[in-house]
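# A structural model of the following input is requested.
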Amino acid sequence: MRLSPRDRRAAFATRASRCAGFSLIELAVVVGIISIVAAIAVPVATHLILQARSAAVENDLRVFSAAFQAYANEHGDWPPGDGTPAAFPDGMAGYLSETNWTNRTPIGGYYAWDPNSTQQGSRYRAAIVIASTDDSAVTSDRLQLVDLDRKLDDGELTTGNFLLGYRNEPVYVLEH
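Residues are numbered from 1 along each chain as shown. Below you'll find the predicted structure:
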């Protein structure tokens, strides 16, 4: 039996409509799979970002520490400073000019040199503070700060060379 052109078009349209689109079950399965992948990927990505920030700050503090130690070895004492965020301490421009000293830190705030400072009741002869400013607050994320403390020190934010100081700003102590 031979179909007329009109019947052939109708048969083709019926077949095409059956094949086009997805069923609700197929869409639900795809959405479910995407949800599971996102539930796994988001915490992993968050953890990787936290570790990357900690590694960057750790590196900066080690570079700065070496620069301040070099200054102290050459001049017999630590450079003067007043804790001004992102400002080169007197005599340190040559030591710090090629570093991230004047940039915002990966955890917010800016680096500041604060010798002979009192932090949470203790006096420190030489310390680098990560200070909040009006345009950039230091993170208060405890997980971030503890991760950084583990990389630099003892993992306890109240003891050691990396701790929380005045206004809970991170402090890296070079000399007690």
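# below-threshold pLDDT in the chain: ranges please.
Within the chain, the segments meeting pLDDT under 70 span 1, 3, 7-8, 10-20.
# and the spatially most central residue of it, what element?
The residue lying closest to the centre of the chain (CA atoms, centre = their mean) is Arg53, at 3.0 Å. Element membership for Arg53 (DSSP states H and E) is helix 24-75.
# please name every helix or strand in contact with that helix.
Counting by 3 or more CB pairs under 8 Å, 6 or more residues apart in numbering; DSSP states H and E, the packing neighbours recorded for helix 24-75 are helix 93-96, strand 110-113, strand 126-131, helix 142-152, strand 170-175. Any C-beta I mention is one placed from the backbone N, CA and C, and that applies to glycine too.
# among the ones you listed, which comes closest to Leu24?
Closest to Leu24 of the helices and strands packed on helix 24-75, according to CB to CB: helix 142-152, at 40.2 Å.
# which residues does the following helix or strand past that closest one contact?
Downstream of helix 142-152, the first helix or strand assigned by DSSP H and E is strand 162-164. Identification of contacts with strand 162-164 by CB atoms under 8 Å, 6 or more residues apart in numbering yields 119-120, 145, 148-149, 152-153, 157-158, 170-173.
# also stretch 25-34?
Applying CB under 8 Å, 6+ apart, the contact partners of stretch 25-34 are Phe22.
# do stretch 72-82 as well
Stretch 72-82 is contacted from outside by 68, 71, 89-92, 112-115, 125-126, 174-175, using CB under 8 Å, 6+ apart.
# ok, and for it, which residues are buried?
Trp78, Pro79, Gly81 (16 or more other CB atoms under 10 Å).
# what about the second one, which SS state?
What that stands for is Pro79. Put simply, Pro79 is coil when judged by DSSP: H, G, I helix; E, B strand; the rest coil.
# tell me the contacts of the residue lying closest to it once chain neighbours are set aside?
Leaving aside its sequence neighbours, Pro79 sits nearest to Pro89 (CB to CB, 6 or more residues apart in numbering; 4.4 Å). For Pro89, the contacting residues are Pro79, Pro80, Gly81, Trp113, by CB under 8 Å, 6+ apart.
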